[in-house]
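1. pasted the sequence and its predicted model underneath.
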Amino acid sequence: MTEFTPRTVSPFRYDVVGSFLRPQELKDARQKFAAGQISREDLTAVEDRLIIDLIHKEEAAGLKAVTDGEFRRSYWHLDFFWGLQGTKHVNLKHGYFFHDEETRNDSVQLTGKLSGENHPFVSAFKFVQDHVSEGTQVKQTIPAPAQFLEEFLRPENQENLKQVYPNIADFDCDVASAYHQVIEDLYAAGCRTLQLDDCTWGISVNNFANLKKKDPNADTSQLVALQERFLKVNNAAIAGLPDDLTINTHVCRGNYHSTWAAAGGYGPVADTLFAQENVKAFYLEYDSDRAGGFEPLAKVPDEKYVVLGLVTSKNGELEDKQTIIDRIHEAAKFHPLDHLCLSPQCGFASTEEGNILTEDQQWAKVTLVKEIAKEVWG
């Protein structure tokens, strides 16, 4: 019988990406707060109580690293951006265009130079840390620095960026510096597991696939240059941090109300993302043929971990166990089985709308991931 390395830090053999369906009580409270019917203190009290309840459910489900479900956020990424110094919340003419629908139209713009001190996510982390059982780790999820850059590639935000940062290199430097400050503050608060959520790579493979579809001989140098820029800012933000801080990343192709934004295999980004990003594990979407095959995993250094997102969070139908097990072993042809783990392909509610499944179905998915992982790795 094969002996596998025990996992004592993230990623664990069975894991989750981070977000959970918002309880209706939380959605109602957020609407009342937005309408001025309750105070910020009232909303926080509801958030606190429901986050504690979620922590108990995560621990009961056997999760070794828990999150606050992103219950204090509207979006997986924008709320973090709004917490940086030098930013403001704006509404654009359009939201993001997903396969089946358009999202709400929130975004972020700059009011001045960026910095990362006094970020509200630090106190949010401390709250979870104060309410977990002994031995349970807290995973803090934040959008990757590259995702902040991506937000300013939107045409509606480019003029604002030029007004504050005429030199784009200065912008990238300040993004990395601001992130580094937040991460240092999270570490000082006790954070030892950080996950950078990053859709930029999903957008990159989508753009590559579309370009090649139009012209198989198309020049992809601009897409490669953008990847290098994303890689540089991500690595700069996490450089020089303590060795006992585990930094992982999650990559998907969009997750909004059970729909998606991008398609394409990981091949076009493997030499950049997999081979060169200085994280310890890659949580990767692999629940549909939109993610392509496992071949690009050969570019992930053997000592790093890959968390296979083979179980979808986009619907409540339970996958066939043996099918998932077979796919894990298929992936192991390209990356060592001892360095593979399993999770849903994304969170259950990347935005407060949540995906189209019930809370019971959500927890059934978590249970399925755990059962499969125990069967494969023991």
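-> Perfect, I can see it now.
2. any weak-confidence spans in this structure?
-> 1, 260 (pLDDT under 70).
3. again, 90 this time
-> 1-3, 93-105, 203-221, 254-264 (pLDDT under 90).
4. show me where it has its strands.
-> For the chain, applying DSSP state E gives strands covering 65-66, 85-91, 106-115, 137-143, 193-198, 246-251, 281-285, 305-311, 340-344.
5. the third one to strand 85-91, inter-axis angle?
-> Just to be clear, that refers to strand 106-115. 170 degrees (axes from the mean of the first three to the mean of the last three Cα atoms, to 10 degrees).
6. which other helices and strands contact strand 106-115?
-> When contacts are defined as 3 or more Cβ pairs under 8 Å, 6 or more residues apart in numbering; DSSP states H and E, strand 106-115 sits against helix 78-83, strand 85-91, helix 145-151, helix 155-164, helix 168-188. In this view, the C-beta of every residue, glycine as well, is placed from N, C-alpha and C.
7. sheet partners, orientation included, of it?
-> Here strand 106-115 is paired, per DSSP bridges, with strand 85-91 (antiparallel).
8. flag every buried residue along the partner strand.
-> Thr87 (16 or more other Cβ atoms under 10 Å).
9. quick one on the thing from earlier: I'd like the strands of the chain as CSV, with distance to Gln31 appended.
-> Shown next, in CSV, are the strands of the chain (distance: least, Cβ to Cβ, whole Å):
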stretch, distance to Gln31
strand 65-66, 26
strand 85-91, 17
strand 106-115, 15
strand 137-143, 24
strand 193-198, 25
strand 246-251, 29
strand 281-285, 31
strand 305-311, 31
strand 340-344, 27
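10. relative to Asp28, which of those is closest?
-> Closest approach to Asp28 among these (Cβ to Cβ): strand 106-115, 20.0 Å.
11. so which of the strands of the chain comes closest to Gln163?
-> strand 106-115 (7.7 Å).
12. and the contacts of the closest one?
-> For strand 106-115, contacts defined as Cβ atoms under 8 Å, 6 or more residues apart in numbering pick out 74-75, 78, 81-82, 84-92, 95, 148, 151, 154, 156-157, 160-161, 163-165, 171, 174-175, 177-178, 181.
13. same thing but 6 Å
-> For strand 106-115, the surrounding residues in contact (Cβ atoms under 6 Å, 6 or more residues apart in numbering) are 78, 81, 84-88, 90, 92, 151, 157, 160, 164, 174, 178.
14. for stretch 254-273, same thing?
-> With Cβ under 6 Å, 6+ apart, stretch 254-273 has contacts from 98-101, 103, 201-206, 208-209, 227, 231, 253, 290, 292, 296, 299, 314, 346, 350-351, 353, 355-356.
15. now do stretch 210-229
-> Ser204, Asn207, Phe208, Thr272.
16. can you rerun that using 7 Å?
-> Residues from elsewhere that reach stretch 210-229, judged by Cβ atoms under 7 Å, 6 or more residues apart in numbering: Leu149, Asp172, Ser204, Asn207, Phe208, Val269, Thr272.
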